[in-house]
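Student: Fold the stuff below for me.
(2 chains)
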Amino acid sequence: MLLTISTNHQPGTDLGFLLHKHTEKFQSINLSIGQAHIFYPEQSPEQTTVALLLDIDPIDMVKNRVRSGGGFSLAQYVNDRPYVASSFLSVAISKAFSTTMNGTCKAKPELVDTAMDFSVRISVVSAPRGGEILIRSLFEPLCYSVNIQRHTLDDQFVEWGDSRYFTLELSQNITLKELLSHLYVLIPALDQDKHYFVSQQEIDKLLKKGKGWLSQHPHKETITRRYLLNLRSLSYQALERLREENDTQEQEETQEEKVRQESLHQKRLKCVLKQLKESGAKRVLDLGCGEGKLIKLLLKEKQFTQIVGTDVCYTSLSRAKDRLYWNEMAPRQKERIDLFQGALTYKDKRLEGFDAAAIVEVIEHLEEDRLEAFERVVFEHAKPTTVILTTPNREFNSQFENMKTDSFRHTDHRFEWTRHEFETWAKKVAETFHYSVSFVPIGDEVEGVGAPSQMGVFRYAH
Amino acid sequence: MRINVPELSLVLLIGPSGSGKSSFAKKHFAKHQVVSSDFCRGMISNDENNQAATNDAFDLLNYIIAKRLKNGLLTVVDATNVQKESRKQLIQLAREYHTLPVAIVLDLPEAICTERNKERSDRNFGKHVIRQQRQQLRRSLKGLKREGFRKLYILKSVEEVEAIQTIDTEKLYNDKKDICGPFDIIGDIHGCYKETIALLKKLNYSITKVDDDGQNYGLSVQHPEQRQVIFLGDLVDRGPNSPAVLKLVMSMVNNGIAWCVPGNHDLKLQRKLFGKQVTLNHGLDLTVAQLEQESQAFRDEVREFLYGLISHYIFDHGKLVVSHAGLKEDMHGRGSAAVRSFCLYGETTGEIDEFGLPVRHNWASEYKGQAKVVYGHTPIPEAEWFNNTIDIDTGCVFGGKLTALRYPENELVSVAAKQIYCEPAKPLIPEIKLTMSHQHEYDDLLNIEDVVGKRIIQTRLRNNLTIREENSIAALEVMSRFAVNPKWLIYLPPTMSPCETSELPNFLEHPKEAISYYRQQGIEQIVCEEKHMGSRTILILCKDQETVRTRFGIQTNNLGICYTRTGRNFFTASDLEKAFLDRAVTSLSKANFWDKHNTNWVCFDAELMPWSVKAQALLKEQYAAVGAAAQHSLPAVEQALEQVIQRGILGAEEILEKFAYKRNAVDKFVDAYRNYCWPVDALTDLKLAPFHILATEGAVHVDKNHEWHMQQIKEICDVDQQFFKATPYKVIHTQDETSVKDAINWWLELTQKGGEGMVVKPYQYISFGKKGLIQPAVKCRGSEYLRIIYGPEYDRQENLSRLKKRGLARKRSLALREFALGIEGLERFVRKEPLRRIHESIFAVLALESEEVDPRL
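Tutor: Sure thing, here's the model as predicted:
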């Protein structure tokens, strides 16, 4: 990974004073996972260039258990980290150029606030989920002129398409201190990965380095969110603190944002809750409870004396327990609720004898040829009096702007049904297992395509 | 006096404090057989005499007793037991576990009890306590027998107590574990004498008329191989000649050539013969009329014979259980009225169905026992194994047939009824013809209880294997979210360990270590197979749709399946899948595979190429991405470093050299993955390389050597070389230097061309070394290929020396356990065991795969 910063400022040695790095020396500093080298490939009357080269040791990286994404088991060993501008670069910048960033230059203090023509080149930056548009939206509002070159994945397999990597060139008349603080924040925000554990401290770093410009940046939310790795609670805190820095004019905006639109999933859960209440059920199942959003709503209702949530994903269940404050829960409350791992393709005695079951956005995660097992587990063996089942309405997908045709709303969806397909299936199930079924749309209906989600309410016919 | 207690009984010692129960128990029973209330008091309160702890102590006492009885252990209760209520609770417990309650009363004089207690410092309760206990005992004595004790012994004096030398245990009547057959087990006869004779003859019994010796009814039945017959009861009623059947069976039983358990009809007849009031229906009227023609003496003999029948038997070291109406596992070998009733009538729910017959609870669907249960009672059109049980009442008297099960051969032999002797209340032929066997229907749904939690699985190759709960948790998620229909999952391949790390300076892996591993294990002959870089697949192919349905119990239009090592369907596009399977099946037919191996299906272990077809996402997200990032960042680095060197600044040369190496390594890395990629637009772009014929009907082919596998597979490949790829291999002698060198050179040649490397296997599929089962295979990967695994720069000297410190023990232990479990799955499938048993093994392989182990190995 290489960062070069060039300027036509004269004399060229000023850059050395500013950076506190001698233009005639090759200097190296140690980082936790390798080294950074600082040197000047160019120093001529026309142009002076400083290079910051990251020399990352892949094996050190493994030893330090550098976090890496995805379910790819070898990701620790085979990854792009040594070659890409990432949070490693930010660390290197702050270590190598700390005096510059702090705004000190003993030899020539006047240079600190002098704007110069700088051009920056980074090979390469990664910008997953955003690409060129994202890069421009982060740098252009800061008045950079931006030049981007996108790289293909493999020129021998053009059908694999473009990669998420770019060579990035930026230029502007600006102070070096500002330039470095922009890079410090925006590079990891583009890369959206961190080589260390993201904690509260990250907010302080972000706010410190973003002081004076981040709060006015039109995409501060994106930057904050991506910089903090999409960790909701952290980015929320950070945004709150950013707003505190601002004047009252923007406070109105905040108010507006608070009145967020009710999400589709919230609507869905409300619908399901309403049906459950109306069914008169006391003992209820939430099959595929995930992180326990519905359970939380159910707990608030006195009507439900026993609430059991199951999910096949054990980590979701643990998260659900955290969200419900399981360990601190009052004994009376705890008596009403149970959570355990279960799979809806296996017959399960623990699911028998309930008044109602909610199965919210679950079936589309099963292979179609396993549905038969699911039907028997729920309707033949568990046999709750009421079954409330929701699934996306495929017809509505045309309303989502960014969705490709023939794709699904979630990568794990195995199928999505039209209203007709769902109703045909539901009626067949109802008939086979002696239930009656009625259908309820979820979300606002659009003519010709229906509502975003659909619900079947099954009742056991004695 | 001699005291006998049944092997499986709950013995209550009854007597007041100081009557010597504990000493008696200590003298006559083993340490763990005795459960004492005082001990339980001590356990929970630190004081054996703490009366305040009585309730808790008895909870504990009852709990221990229940666990012991559940496990079939003789148990002695050392408590006063002088009150009727306390005995009642224990008798109830004995019944619950179908064990026999026995009472031994120590009715010693009060003075002795008081004297003994005085000697003990810890028992300072007053005289009145003992007096009261004695009074309670005396009041109980008369009614003890009626309380339900099967045996009752009362010892009235110290002398009598001391005269008891030993207590004998006696086997239960149903315990015939030492008799191992072979047997011919015959279902409900119902007076069908002619069919019975025909069946016996078909089974090769000779039936000759001899002089009546008062025992044999003038018949002598014999089998040349000394086989024995087991009659499953319901000998009488409805049919044409119940007396003749009775004579035949009684003759055979009396002469020790047959066993017989009673059926409900036999019992009713017995009650009638005892003069009890019974309704003469369901064919009993006919039997009674037929018996009218016989002598009173014969009728008396019948009565006594039926009275003496034992309701069920356990044979052959517990592997075979027979009774008239079946038997749940927890009742096997037990004795109680409930057991007897189950044997006679089965488990009924009390409801009556539309034909007026009792609704039967299908106990067999919950049966998980190891013992085969053979029974009759419920007429069905065809006898069919279900969860290791089989009903062989094929309704002879209703015009069906009379069926025998040959044990241990498990063959069914039948003779058709000569006529319909009685119209059945319920039609014998079900109205809807089932498309699948009962077992397959049942197996459509597995039970979560059979997979979750900590599990212990018995395997043929490595005995008991334990699966930890956290691994089951992980496997449940993978299995239910991603795996194909469990009926297809008869095998999952084990993980494969690499060879030990090479001692050679430039290699991480080298064949030398792979070969020496087997040499050190004492293996002289090994097979080296080229390792294809594709995706591991398990391929099941069926000759026709019929086989898919009947053998696998699956309704689908495909002739098989192709799944990955974690049980996911290999294909996402269904038309490509169908075309792929059709082509493979066609080739097998052309190669005459089905006839040659006498099978309609086969399970292959194979590699499917190219790698890029399944690993598309991985390639794009990871491999090509790393290549692209590196190839577009490193040249700029070199350029900048060259510039600074040109400026005459010192210190950059070493770094330039390092980055030049990096660029070179990345280029090689890109070349490495490109080797295993090519676009797949049509079926013909896929290449299938099978390397094991895992199983066919009736056979798991792990008893064949790898050369056999390679040769059989070659024959298939020759039929369709565009589709199949034969795997090049060499047979190597580990003791022969030239042979070993040959293998090494071959490996170098393969890997220099960009090959993944090779797999080294012992010549025999299953091989044992000095410490038992050895690795079924180890892989030896090429230096370039390893860049894909360890990262582009792994071969830089300073990296390599660090990477060489790797431990294989965990991986190898996993490989062996998974190997044993995978083979177990196949063995169970080939033996047609219920899906639950197959799934258990396969689930366990998946569970073990969630163990944390270095993914680079």
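Student: Can you classify B:Val374 as helix, strand or coil?
Tutor: Under DSSP: H, G, I helix; E, B strand; the rest coil, B:Val374 falls in the strand class.
Student: wait, isn't it in contact with B:Ala404?
Tutor: No: applying CB atoms under 8 Å, one finds B:Val374 not in contact with B:Ala404, separated by 10.2 Å. Backbone N, C-alpha and C define where each C-beta goes, glycine included.
Student: Common neighbours of the two, please.
Tutor: Contact criterion CB atoms under 8 Å, 6 or more residues apart in numbering or on different chains; residues shared by B:Val374 and B:Ala404: B:185, B:392.
Student: What helix or strand is B:Tyr517 located in?
Tutor: Per DSSP states H and E, B:Tyr517 falls inside helix B:511-520.
Student: again with A:Leu53
Tutor: Counting by DSSP H and E, the element that carries A:Leu53 is strand A:48-56.
Student: anything in that strand near chain B?
Tutor: Yes: Strand A:48-56 reaches chain B (CB under 8 Å from any CB of the partner chain) through A:51, A:53, A:55.
Student: Not counting sequence-adjacent ones, nearest residue to the second one?
Tutor: The shortest distance from A:Leu53 to any residue other than its chain neighbours is 4.4 Å, reached at A:His37 (CB to CB, 6 or more residues apart in numbering or on different chains).
Student: Could you tell me the per-residue confidence at the one you found?
Tutor: A:His37 carries a pLDDT value of 95.
Student: and it, what does it touch?
Tutor: Each residue near A:His37 by CB under 8 Å, 6+ apart is listed here: A:26-28, A:51-53, A:55, B:652, B:655.
Student: ok, now B:Ala743?
Tutor: By CB under 8 Å, 6+ apart, the contact list for B:Ala743 reads B:511, B:515, B:528, B:730, B:732, B:760.
Student: if we can go back for a sec, which pair of the contacts of A:His37 spans the longest distance?
Tutor: By the measure CB to CB, A:Leu52 and B:Ala652 form the most distant pair in the contacts of A:His37, at 13.7 Å.
Student: of the contacts of A:His37, buried ones?
Tutor: For the contacts of A:His37, a neighbour count by 16 or more other CB atoms under 10 Å in any protein chain shown gives the buried set as A:26, A:28, A:51-53, A:55, B:652, B:655.
Student: re earlier: give me the buried entries from the contacts of B:Ala743.
Tutor: Among the contacts of B:Ala743, the ones that count as buried by 16+ other CB under 10 Å are B:511, B:515, B:528, B:730, B:732, B:760.
Student: Can you lay out those residues as a markdown table showing pLDDT and distance to B:Arg299?
Tutor: Output for the buried ones among the contacts of B:Ala743, formatted as a markdown table (pLDDT from 0 to 100; distance: CB to CB, whole Å):
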| residue | pLDDT | distance to B:Arg299 |
| --- | --- | --- |
| B:Pro511 | 96 | 84 |
| B:Ile515 | 95 | 81 |
| B:Cys528 | 96 | 79 |
| B:Lys730 | 96 | 80 |
| B:Ile732 | 96 | 80 |
| B:Val760 | 97 | 77 |
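Student: Among those residues, which ones lie close to chain A?
Tutor: Within the buried ones among the contacts of B:Ala743, nothing lies near chain A by CB under 8 Å from any CB.
Student: Format the residues you listed as a markdown table; extra columns: distance to B:Asn745.
Tutor: A markdown table is the format used below for these (distance: CB to CB, whole Å):
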| residue | distance to B:Asn745 |
| --- | --- |
| B:Pro511 | 9 |
| B:Ile515 | 13 |
| B:Cys528 | 11 |
| B:Lys730 | 10 |
| B:Ile732 | 11 |
| B:Val760 | 15 |
